Every structure is written in C-alpha cells, then in structure tokens.
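J.: Provided below are the primary sequence and the corresponding predicted coordinates.
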Amino acid sequence: MSTIISIVHFLINTLGSLYLLAICLRFLMQLARADFYNPLSQLIVKLTNPILLPLRKVIPGLWGVDMASVVFALLFHALIVELLILVEHGVLYMPFSVLFWALIGTLLFVSHIYLILFFVVMIASFVAPYSQNPVLVLIYQIVEPLLAPFRKIIPPTGGFDFSMLFAGLALMVVRIALQGVASSTGVPLGMLLGF
C-alpha cells in the first residue's frame, strides 16, 4: 500500500469512526432515555440531526427503538467500508455483502463503546466518585440500562458493585462470538471502523 493510500485510508477510517461514534451514542442515549439537555448530548444531537431528522420521516420507530438511527448507523458504516475498499482496491464491492459486514462491524463497534464507557466509569468511581461532570453523568445514564439486569442477579456486596465486571465479561463473550461469525463469513475486520 502506497503512502498516499495509507494516509487516505487512515483519514477515512478515523473521521468515519468519529462520526459513527456520534451516531451510535445518539442511539444509545435514546435507548437509555438519557438527558438530552446535557451539553455533550446537545453536541451529538447537532452532529446527527441533519441526516437523522429526514430519515425519521421515512423510517418510523419500532417498540420505542429509534430505527432511523439504526439504519443510519448501518448505511453510514457500509458507505465508509465501500470507500475504504475503493481506496485500497479501486473497485466497489457487492452492496449486500458490505451491508452484512457493516452490521457485524456496527455491533462490534457498539460493544467496544460500552467497554470503553465501563472503563471510564470504573476509573471515575475511584478518582471522582461523586462528580457531577456532565460527561460522566451522561456516561452513567448510557451504561445503566445494561448494568441493571446484572445488578438484579448480583446485587452490590460490601460496598462493591460487581455488575460491571459481569456485564463486561458478557460483552467480551458477545464480541468473541461476533468475531467468530465475522471470520467464518469472510468479513474483513481490517476494513471495519474502529479496528
């Protein structure tokens, strides 16, 4: 791969990953019913609204899930994968295959987001346990729906909350399963965002 192609690949991957992060966080914020008046929430809303609002007119929600965000994330990921393939190989790939790759990649990307947010929450619980920083408040709101089922099974013991540990283990199992599906179906993980 030439230097120019490497630079273009890096820029597409990095900028695409950042925007996909905004789309996925928007979806996770809606799923968690997070505070949309939080400054970080407002930034994410402003970044994603130009495309998401018109999509919502065509794609309705389903059982309280914002399907427009899901479709937006998949189509955006597929577009970036097509761009990366075009840059590296000079051809466009079959759209249905790329859409399947984007589905696997987006699920892996969301699991990666959760793992990073868990890590931030763990560090913050030691460094600033009672912080009301808007970013930390939003992160707590996003991870809480995923931790709640684990807290029902494993309640806090002696002041320690092990729900995040078991939620993290469950996420790692899901990631390993998704990577197994990806490798068995020929998904090029190097072309997916965040990898």
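T.: Happy to help now that I have it.

J.: Could you say which helix or strand holds the residue positioned nearest the centre of the chain?
T.: By Cα atoms, centre = their mean, the chain has its centre lying nearest to residue 110, at 2.9 Å. Using DSSP states H and E, the element containing residue 110 is helix 95-127.

J.: for that helix, what is the average pLDDT?
T.: The average of the pLDDT scores along helix 95-127 is 89.

J.: just checking, next helix/strand downstream of it?
T.: helix 134-153.

J.: Show me how far that following helix is from its chain's centre.
T.: 15 Å (Cα atoms, centre = their mean, to the nearest Å).

J.: just stretch 170-180 next, same as before
T.: Counting by Cα atoms, centre = their mean, stretch 170-180 comes out at 14 Å from the chain centroid.

J.: Check which residues of that stretch are buried.
T.: Using 16 or more other Cβ atoms under 10 Å as the test for burial, stretch 170-180 gives 171, 175, 178. Bear in mind the C-beta positions are built from the backbone N, C-alpha and C, glycine included.

J.: could the residues you listed go into a markdown table alongside distance to residue 150, secondary structure and pLDDT?
T.: Output for these, formatted as a markdown table (distance: Cβ to Cβ, whole Å; DSSP: H, G, I helix; E, B strand; the rest coil; pLDDT from 0 to 100):
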| residue | distance to residue 150 | secondary structure | pLDDT |
| --- | --- | --- | --- |
| 171 | 11 | helix | 93 |
| 175 | 17 | helix | 91 |
| 178 | 20 | helix | 89 |
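
J.: got a pLDDT number for the residue nearest to the residue nearest to the centre of the chain when sequence neighbours are not counted?
T.: Computed as Cβ to Cβ, 6 or more residues apart in numbering, the closest residue to residue 110 that is not its neighbour in sequence is residue 24, at 5.4 Å. Residue 24 is assigned a predicted lDDT (pLDDT) of 94.

J.: Thanks a lot, catch you later.
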